[in-house]
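Trainee: Predicted structure and sequence below. I'll ask about it afterward.
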Number of protein chains: 2
Amino acid sequence: QTAAPARPGRLGLCAACHGANGHASMPGVPNLAGQQLDYLRDALRQYRDGRRNIPVMRAAIGPVSDAELDALARWYNVQPPQPQVQP
Amino acid sequence: QTAAPARPGRLGLCAACHGANGHASMPGVPNLAGQQLDYLRDALRQYRDGRRNIPVMRAAIGPVSDAELDALARWYNVQPPQPQVQP
């Protein structure tokens, strides 16, 4: 049994676009709630090393430590996803 | 009011890894159920033009028409997400 992760100290950096609960609030921004943990970790590595060259993500992640990135991935992995609100 | 999209003819290509319902069944593969539509479209374009250089995705998408890709993005956008099963 795994304890729920503590709210990461750097969550605010992500939450501005992805929401603290992983439900995106801006066009072009993905939901992260309930996303696969290994995929979240891979994506963060790809942003950091430029394989995904998205400037806002590279700027956001640049100063964040590996341990902090891992805490953020774990946080979003366990957030409950919500069905899309149909327009 | 928007009608639910018909099951895309090329869905099997995606479903092998992402599931027909968008719940990934393999390590390193993201869930797609309920993902933002514009994000799904952007990601497909990025795989196609190499900004996301993931060989399996480039191979899968290469022969698929733009209209088919759009149908696949719409399909996964409206699939209901499921909370992670905790180990």
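Mentor: In hand now; what should we look at?
Trainee: Quick check: which ranges of chain A have low pLDDT?
Mentor: Scanning chain A for pLDDT under 70 picks out the ranges A:1-2, A:83-87.
Trainee: ranges for the strands of it?
Mentor: In order along the chain, chain A carries no strands (DSSP state E).
Trainee: Let me see the contact set for whichever residue of it sits closest to chain B.
Mentor: Across chain A, the shortest distance to chain B (Cβ to the nearest Cβ) belongs to A:Pro81, at 3.5 Å. For glycine as for every other residue, the C-beta is placed from the backbone atoms N, C-alpha and C. By Cβ atoms under 8 Å, 6 or more residues apart in numbering or on different chains, the contact list for A:Pro81 reads A:22-23, A:31, A:33-34, B:31, B:33-34, B:81-83.
Trainee: Mind picking the one among those residues that's closest to A:Tyr76?
Mentor: Lowest distance from A:Tyr76 to the contacts of A:Pro81 (Cβ to Cβ) belongs to A:Gly22, with 4.7 Å.
Trainee: ok, and the closest non-adjacent residue to that closest one?
Mentor: Spatial nearest neighbour of A:Gly22, excluding adjacent residues (Cβ to Cβ, 6 or more residues apart in numbering or on different chains): A:Ala33 at 3.1 Å.
Trainee: Surely the one you found and B:Asn31 touch.
Mentor: No. With contact defined as Cβ atoms under 8 Å, A:Ala33 does not reach B:Asn31; the gap is 9.7 Å.
Trainee: Just the buried ones from the contacts of A:Pro81, in ChimeraX syntax?
Mentor: Entered in ChimeraX, the line below selects the buried ones among these, by 16 or more other Cβ atoms under 10 Å in any protein chain shown:
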select /A:22,23,31,33,34 /B:31,33,34,81,82
